[in-house]
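**Q** Show me the folded form of this:
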Amino acid sequence: MQVARVIYRIKFGVIEILQSFLITFREGLEMSLIVVIVLAYLIRTGRVRFVNQVWIGVSLAAVLSIIAGGILFTVGAAFEGRNEKIFEGMAMILTAGVLTWMIIWMKEQARGIRGQLEGQVELAITQGSTFTLASIAFLAVIREGLETVLFLFGVSQTTTPMQTGLGGFLGLLVAVAVGWILYRGSHRINFRIFLTSTGVLLILFAAGLLAHGIHELQEAGLLPIVVEHVWNINFIVDEKGTMGSLFKGLFGYNGNPSLLEVVAYPTYLILILAIFFKPIRETSVDA
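**A** Numbering: from 1, shown residues only. Presented below is the predicted three-dimensional model:
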C-alpha cells in the first residue's frame, strides 16, 4: 500500500510538472526560432560582428521577464480569502484575453516572419543603428517571455511552486537545446505549422483559464451562479484524480461546472478557433 502511494505521488507530480513544461517549451521554442532567424541571417550575410547586439537584447528581455514574473507571483501571494479569489479570477480572465490575442497575432505574423525579421535586421544595419538591432531581439523575446509568465501564473493555481518552477525550467532547457540544433543548421522547421499546431493547444488552455477564472469570481460572489452544478461527472473522471488534474491544469476541466462555465467554455472555443483557422495567404516561413 505504501509503495502504491509513492508511485501515485510520483505520477501525479510528473503530470503537474508536464503542464508548465509544455507551456515553456512552446514559448521557449518560439523565442528560439526568432533568435535563430536573426543570427542565421547575420552569419549568412557576413555580419558576425553584430551578433553581440542580438544577445544583449535577448539578455535584457530575459531579465525583465523574470522580474515581471517575480512581481506577479509576489502580488498574487499577498492576497487571502475572498480577495485572493477575486485577484486570481481577474488575472486568469485577463491572461486568457491577452494570450488569445498573442496567439492569433503570432499566427498572422508567421506568414512571412522570416522575411520580416531579415528585412528589419538589414534596415537596422544599413542605418547603422545597433540599438534597433538589439531591440528586434529584445521585443521578440520580451513578448514571449511575458506570455510565458502569464501562462505559468495560470498553471501555478493548480500546482505547487516547485512543480511549476521545475517544469518551466525543463521546458526552457529543452527549447534552448532545440534552438541550438536549429542554429547549427542540422534541421529545419516550418514556423507556421509549428505555431498552428501548438496554437490550438494554447487556445484550449486559454479556454480553461477563462472557465477557471469565472469559477473563482463566482466563489467570490462577483458573478452570478444561476445553476451551481449543471452536471457532475467526477465519478467518471475525478478532477482531483490523475487524469482529472491534468485536464484541469491544461484545459480547465471541471467535473461539476456551473451554467456560466458551461456556456463560456464552448462559446470561447467556437469563436476563437473560427478566427484562428480563418484562411490566410500561403507563404513559406521555414526557419
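**Q** which intervals of the stretch 51-200 of the chain have sub-threshold pLDDT?
**A** 110-111, 157-159, 185-191 (pLDDT under 70).
**Q** Please tell me how far the closest residue to Phe151 other than its chain neighbours sits from Phe153.
**A** Distance criterion C-beta to C-beta, 6 or more residues apart in numbering; nearest residue to Phe151, sequence neighbours excluded, is Ile23 at 4.4 Å. To be clear about C-beta, it is placed using only N, CA and C from the backbone, and glycine gets the same treatment. As judged by C-beta to C-beta, to the nearest Å, Ile23 and Phe153 stand 10 Å apart.
**Q** more crowded one of the two?
**A** Counted by other C-beta atoms under 10 Å, Ile23 and Phe153 do not tie: Ile23 has more neighbours, with 27 against 19.
**Q** Could you pull up the residues touching the more buried one?
**A** Contacts for Ile23 were tallied using C-beta atoms under 8 Å, 6 or more residues apart in numbering; they are 148, 151-152, 155, 167-168, 171, 202, 205.
**Q** Doesn't it belong to a helix?
**A** Yes. Under DSSP: H, G, I helix; E, B strand; the rest coil, Ile23 falls within a helix.
**Q** Just send the contacts of Ile23 back as TSV, with secondary structure too.
**A** Below are these laid out as TSV (three-state DSSP):
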residue	secondary structure
Thr148	helix
Phe151	helix
Leu152	helix
Val155	helix
Gly167	helix
Gly168	helix
Gly171	helix
Leu202	helix
Phe205	helix
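**Q** What mean pLDDT does whichever strand or helix holds Ser32 get?
**A** Secondary structure from DSSP states H and E places Ser32 in helix 2-44. For helix 2-44, mean pLDDT rounds to 71.
**Q** Let me know the next secondary structure element after it.
**A** Using DSSP H and E, the helix or strand that follows helix 2-44 towards the C-terminus is helix 51-78.
**Q** mind checking pLDDT for Gly221?
**A** 89.
**Q** burial of it, as a residue count?
**A** Neighbours around Gly221, by other C-beta under 10 Å: 11.
**Q** hang on, isn't it packed against Ile86?
**A** No. Here Gly221 lies out of contact with Ile86, judged by C-beta atoms under 8 Å, at a distance of 9.0 Å.
**Q** pretty sure Leu201 is touching Glu27, no?
**A** No. Between Leu201 and Glu27 there is no contact under C-beta under 8 Å: 11.7 Å.
**Q** Common neighbours of these two, please.
**A** Shared contacts of Leu201 and Glu27 (C-beta under 8 Å, 6+ apart): none.
**Q** who's more crowded, these two?
**A** Using other C-beta under 10 Å as the criterion, Leu201 and Glu27 rank with Glu27 on top: 27 against 15.
**Q** who are the neighbours in contact with the residue lying closest to the more buried one once chain neighbours are set aside?
**A** Closest residue in space to Glu27, ignoring its immediate chain neighbours: Thr148 at 4.3 Å, by C-beta to C-beta, 6+ apart. Applying C-beta under 8 Å, 6+ apart to Thr148 gives the contacts 23-24, 27-28, 65, 168.
**Q** which two from those end up farthest apart in space?
**A** Spanning the widest gap among these are Ile23 and Ser65, at 13.5 Å by C-beta to C-beta.
**Q** What is the burial count for the closest residue to Ser20 other than its chain neighbours?
**A** Take Ser20 and drop its neighbours on the chain: the residue closest to it by C-beta to C-beta, 6+ apart is Gly167, 3.3 Å away. Using other C-beta under 10 Å, Gly167 is surrounded by 26 other residues.
**Q** you'd agree Gly167 is up against Phe151?
**A** No. If you go by C-beta under 8 Å, Gly167 and Phe151 don't touch, sitting 11.2 Å apart.
**Q** Would you quantify the distance from Glu239 to Lys85?
**A** Glu239 is 18 Å from Lys85, where distance means C-beta to C-beta.
**Q** brain fart, Met106
**A** Counting by C-beta to C-beta - Met106 and Lys85 are separated by 31 Å.
**Q** Any idea how many residues pack against Tyr149?
**A** Quick fix: residue 149 reads Val, not Tyr. For Val149, the count of nearby residues is 22 (other C-beta under 10 Å).
**Q** Surely Met106 touches Met31?
**A** No. Assessed by C-beta under 8 Å, Met106 is found out of contact with Met31, at 11.2 Å.
**Q** more crowded one of the two?
**A** In this comparison of Met106 against Met31, neighbours counted by other C-beta under 10 Å, the higher total goes to Met31 at 28 against 20.
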